[in-house]
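> Curious how this folds, go ahead:
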Amino acid sequence: MTGKAWKYGDNVDTDLLAPGVYMKGPVAELAKHCLEAIDLEFASNVRPGDVIVAGRNFGIGSSREQAAEVLVLLGVKAVIAKSFGGIFYRNAFNLGLLALVADAEADVEAGHELDLDPASGTITNITTGAQIAAEPVPEHLRRIVAAGGLVPYLEQKLEKHS
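Predicted coordinates for the structure are as follows:
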């Protein structure tokens, strides 16, 4: 899986991803404001398959699942970060968003094309040729992402057993 990188630093919190002032509206409206406090271009220019590369503590803050949901709605394929807020990390997989733990900031710039192999934990920067090691994603989490999230995954499992 390949995608274009968007690069951010440390402590990208849930309020930056899903600003509280827009939480009462529809999630599609909320998505239009994703990351606007640090990047006015993100929500209108991100494309399906793009990847976010960040530093420490991506998704810290509240337990709002909309922080991961808006990224999925905008077409973000994966978030690569040195560390994640625990609740965001689980929400990401539950909603079908791949979360890779890796220290990729030094080897990736915004706009670089990345190829991700979550099974082996290999990230290839196609633009530069750099190889970046990530924590491999367990098979059960890869299956959840492939199904589009936990609910579709469980629905598929139930269909097979009925």
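
> Report the helix or strand with the lowest average pLDDT across this structure.
helix 150-160 (a mean of 91; mean pLDDT, DSSP states H and E).

> and it, which residues are buried?
Within helix 150-160, the residues that count as buried by 16 or more other Cβ atoms under 10 Å are 150, 153. Every C-beta, even on glycine, is put in place using the N, C-alpha and C of the backbone.

> ditto for stretch 119-127
Buried, per 16+ other Cβ under 10 Å, within stretch 119-127: 121, 122, 123, 124, 125.

> Now the residue nearest to the spatial centre of the chain. Nearest residue, chain neighbours left out?
Residue closest to the average C-alpha location in the chain (Cα atoms, centre = their mean): residue 79, at 3.2 Å. Spatially, and ignoring its direct neighbours in sequence, residue 79 is nearest to residue 52 (4.6 Å; Cβ to Cβ, 6 or more residues apart in numbering).

> Low-confidence stretches in this protein?
162 (pLDDT under 70).

> The nearest residue to residue 43 once chain neighbours are set aside in helix, strand or coil?
Take residue 43 and drop its neighbours on the chain: the residue closest to it by Cβ to Cβ, 6+ apart is residue 34, 4.8 Å away. Three-state assignment for residue 34 (DSSP: H, G, I helix; E, B strand; the rest coil): coil.
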